[in-house]
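K.L.:
need a 3D model of the sequence below.
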Amino acid sequence: MRAVVQRVKTAKVMVGDGIVGEIGKGLLIFLGVGVQDSSDDAEFLASKIAHLRIFSDSNEKMNLSLLEIGGEALVVSQFTLWGDCRKGRRPSFVRAADPAVANDLYQEFISLLKGKGIQVAAGRFQEMMDVYLVNDGPVTLLLDSARNF
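P.N.:
This next block holds a predicted model:
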């Protein structure tokens with residue numbers, strides 16, 4: 001499972017003309033599910049993200065987690081995180097999970113974050129979405145449950 005995590009002042013996701021998810025201060029999480037991912041990967045990433053110390057303390061050091069600041073999370077599915085661009089000019093998505101499996105793990109990831117006491121909003125799985133954000137910092141991190149980066 002892969003995630004691009006962005007510290008934000010605010011973020012929202014729209015489908016058509018309607019807002020389907022919106023948060024204030026917190027994390028925008030783009031989540032991609034791979035063919036070999038399982039519940040263990042969802043638990044690893046949910047815990048890692050909830051406890052990442054990437055928010056500033058009173059000394060302006062990145063020392064506080066999403067849980068510690070009472071921040072929110074906006075989770076957006078993004079299978080393109082599994083796009084392989086090493087050959088040719090068109091990405092290959094053969095390592096992205098089947099949509100039915102990916103949706104189950106996406107929903108499980110959201111439930112795990114909620115279970116940790118985080119207020120979570122979400123995009124819509126397999127929909128064309130417009131994502132708006134005000135990146136705070138900017139701070140953007142890449143996470144991989146297999147620890148490839």
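K.L.:
for the residue most central in space within the chain, list each beta-bridge partner.
P.N.:
Centre of the chain computed as the mean C-alpha position; nearest residue by CA atoms, centre = their mean is I29, 2.1 Å away. When bridges are called by DSSP bridges, I29 pairs up with V5, V75.
K.L.:
over to the residue lying closest to W82 once chain neighbours are set aside: give its phi and psi.
P.N.:
Residue nearest to W82 in three dimensions, not counting chain neighbours: A96, with 3.8 Å by CB to CB, 6 or more residues apart in numbering. No exception for glycine: its C-beta is placed from N, CA and C like everyone else's. Per-residue torsions, A96: phi -80, psi 140 (degrees, to the nearest 10).
K.L.:
check what pLDDT the residue nearest to the centre of the chain gets.
P.N.:
Each residue has a pLDDT score; the one for I29 is 99.
K.L.:
ok, now how distant is it from K61?
P.N.:
When CB to CB, to the nearest Å is the yardstick, I29 and K61 sit 23 Å from each other.
K.L.:
ok so, going back, which residues does the residue nearest to W82 bridge with?
P.N.:
With DSSP bridges applied, the residues forming beta bridges to A96 are G34.
K.L.:
what about stretch 98-108, average pLDDT?
P.N.:
Over the span of stretch 98-108, the pLDDT mean works out to 98.
K.L.:
buried residues in it, which are they?
P.N.:
102, 104-106, 108 (16 or more other CB atoms under 10 Å).
K.L.:
likewise stretch 122-139?
P.N.:
For stretch 122-139, the neighbour count (16+ other CB under 10 Å) marks 122-123, 129, 131, 133, 136, 139 as buried.
K.L.:
tell me the one among those residues nearest to G18.
P.N.:
For G18, the closest of those turns out to be M129, at 10.9 Å, with distances computed as CB to CB.
K.L.:
in which helix or strand does A46 reside?
P.N.:
Under DSSP states H and E, the secondary-structure element containing A46 is helix 39-51.
K.L.:
next structured bit after that helix?
P.N.:
Using DSSP H and E, the helix or strand that directly follows helix 39-51 along the chain is strand 55-56.
K.L.:
that following strand pairs with which strands, parallel or anti?
P.N.:
The sheet places strand 55-56 alongside strand 62-64 (antiparallel), with pairing taken from DSSP bridges.
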